[in-house]
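Novice: Need coordinates for the below:
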Amino acid sequence: MIARRYSACLGWIGSVVFAAVAFAQAPPGVGPPIPAPDPANFTFPALQQVSPRLDFGAHAPLTFISETMTFVNSGKVPITLERAQGECSCTDATILGDLKPIQPGEKVDVLVAVEFPRESALYTKKLLIYEKGNPVPFQAPFDFEVGYAITINGGPRYAIVTELGGRITLESRTKTPFKVLSISGMAPMYDSFDPAKDALRDTYAVFYTLEGLKGAELPRWLVIETDHPDAEMMTVAARIKGGNWFIDKTQWHAMDEFIALGRISASGPTRTTMLFTGKAVLPGKILTIKSSNTSLGVQVVAVRQPDRGGGMQVDMDIIPRPDLKGFASTIATIDYDGASARFDLFCRIDPNIPAPPVPNK
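Specialist: Numbers count the residues shown, from 1 in each chain. Sure thing, here's the model as predicted:
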């Protein structure tokens with residue numbers, strides 16, 4: 001799995017040009033293609049799942065967890081497994097043990113590893129297992145929830161706002177008291193709570209307002225900051241009529257709609273990475289990146305093939321202006337080979353955090 005955040009160093013520049021490194025072209029898209037079955041050779045897989053349906057539970061974005069699923073050969077003849085794979089780039093799968101023929105009634109374990117996406121939601125994905133000689137994979141669904149230590153509006157299914165102003169409920173899963181620091185950089189407006197005299201709680205109702213904003217000014221996300229150690233910076237999808245929030249999944253695009261870095265140093269850059277799908281790294285092609293916030297620069301450090309699958313991985317340095325502090329956001333626009341992609345980036349510039357070390361390039 002890819003380490004999404006580590007320290008870095010460069011200057012603050014709103015737009016740069018980077019020549020993609022040259023190597024063999026990777027196929028476009030994410031992960032190996034799933035072949036269509038030949039109706040003439042269609043047979044149902046002989047595997048059956050004997051372990052309970054896998055549920056990874058609720059964890060913060062970018063958490064990496066692995067679990068084992070167990071299957072049995074329910075047929076009357078031995079079978080040989082060729083490979084196992086997830087249906088998306090967030091999943092890896094490994095058949096444990098030797099790929100020897102599995103006798104009728106014999107069991108086999110498959111290790112499933114998931115890197116949780118950035119966006120809060122309930123997810124159901126599939127593990128695909130291919131038997132030798134059978135183009136039809138066995139499909140085993142599994143579940144997980146991307147969520148924070150603090151639930152928003154009761155959970156990820158409802159972590160969304162659709163109006164210019166409203167009320168949001170926040171509740172600590174572990175009943176740990178916490179403080180709301182800001183909502184998209186603005187001081188929180190509490191319902192029935194006075195932070196000057198009331199003791200900290202594990203549940204709050206806070207108000208937000210986007211009155212006066214319209215069109216391109218409307219944010220695609222509300223960013224809630226707290227002092228909870230496991231919910232430092234949380235995002236709420238803002239799907240407001242008239243806003244521009246859709247990503248065209250049919251074209252080249254960023255795999256995530258945003259990056260929430262949390263607190264970063266005001267004294268030096270912080271490195272992050274984003275995966276893109278739809279185009280491979282092509283020798284000689286030029287990639288440009290621009291930041292909508294001139295006080296928060298984005299600079300490309302490397303463009304390379306991802307650890308697995310197609311598309312490309314872009315490593316970037318986030319460079320705040322030296323006197324910038326507090327909540328900051330920008331929209332990064334990347335142009336490459338005639339296609340454009342955008343994503344949001346959020347962070348809190350903290351002058352008390354030491355400057356990060358100079359990274360290897």
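
Novice: Count the residues that sit near residue 57.
Specialist: A count of nearby residues for residue 57, using other Cβ atoms under 10 Å, gives 11. For every residue, glycine as well, the C-beta is placed using N, CA and C.

Novice: Which residues does whichever strand or helix holds it contact?
Specialist: Residue 57 belongs to strand 54-59 when assigned by DSSP states H and E. Contact with strand 54-59 is made by 65, 67, 69, 112, 114, 116, 140, 142-147, 173, as judged by Cβ atoms under 8 Å, 6 or more residues apart in numbering.

Novice: same check, this time on stretch 65-77
Specialist: Taking contacts as Cβ under 8 Å, 6+ apart, the residues outside stretch 65-77 that touch it are 46-51, 54, 56, 59, 79, 96, 102-114, 116, 127, 129, 138, 140, 142, 144.

Novice: Just the buried subset of those residues, written out for PyMOL, thanks.
Specialist: Only the buried entries of these go into this PyMOL selection, using 16 or more other Cβ atoms under 10 Å:
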select buried, resi 46+47+49+54+56+59+79+102+108+110+112+113+114+116+127+129+138+140+142+144
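
Novice: Quick check: which ranges of the stretch 101-250 of the chain have low pLDDT?
Specialist: Scanning the stretch 101-250 of the chain for pLDDT under 70 picks out 245-249.

Novice: ranges for the strands of it?
Specialist: Secondary structure of the stretch 101-250 of the chain (DSSP state E, counting those that start in this stretch): strands located at 107-115, 121-131, 138-146, 150-152, 160-161, 165-172, 180-183, 189-190, 203-209, 221-226, 233-238.

Novice: Now do the buried residues in the longest one.
Specialist: For strand 121-131, a neighbour-count test (16+ other Cβ under 10 Å) marks 121, 123, 125-131 as buried.

Novice: hang on, the earlier thing: any chance of the strands of the stretch 101-250 of the chain in CSV with distance to residue 312 as columns?
Specialist: Formatted as CSV, the strands of the stretch 101-250 of the chain follow (distance: least, Cβ to Cβ, whole Å):
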stretch, distance to residue 312
strand 107-115, 17
strand 121-131, 23
strand 138-146, 24
strand 150-152, 32
strand 160-161, 30
strand 165-172, 36
strand 180-183, 34
strand 189-190, 42
strand 203-209, 36
strand 221-226, 24
strand 233-238, 24
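
Novice: Ok, which of these comes nearest residue 332?
Specialist: The closest of the strands of the stretch 101-250 of the chain to residue 332 is strand 221-226. By Cβ to Cβ, the value is 13.8 Å.

Novice: got the angle for that closest one vs strand 165-172?
Specialist: Compare the direction of strand 221-226 with that of strand 165-172 by axes from the mean of the first three to the mean of the last three Cα atoms, to 10 degrees and you get 40 degrees.

Novice: re earlier: tell me which strands the strand holding residue 57 pairs with, and in which orientation.
Specialist: Strand 54-59 has these partner strands in its sheet, going by DSSP bridges: strand 138-146 (parallel).
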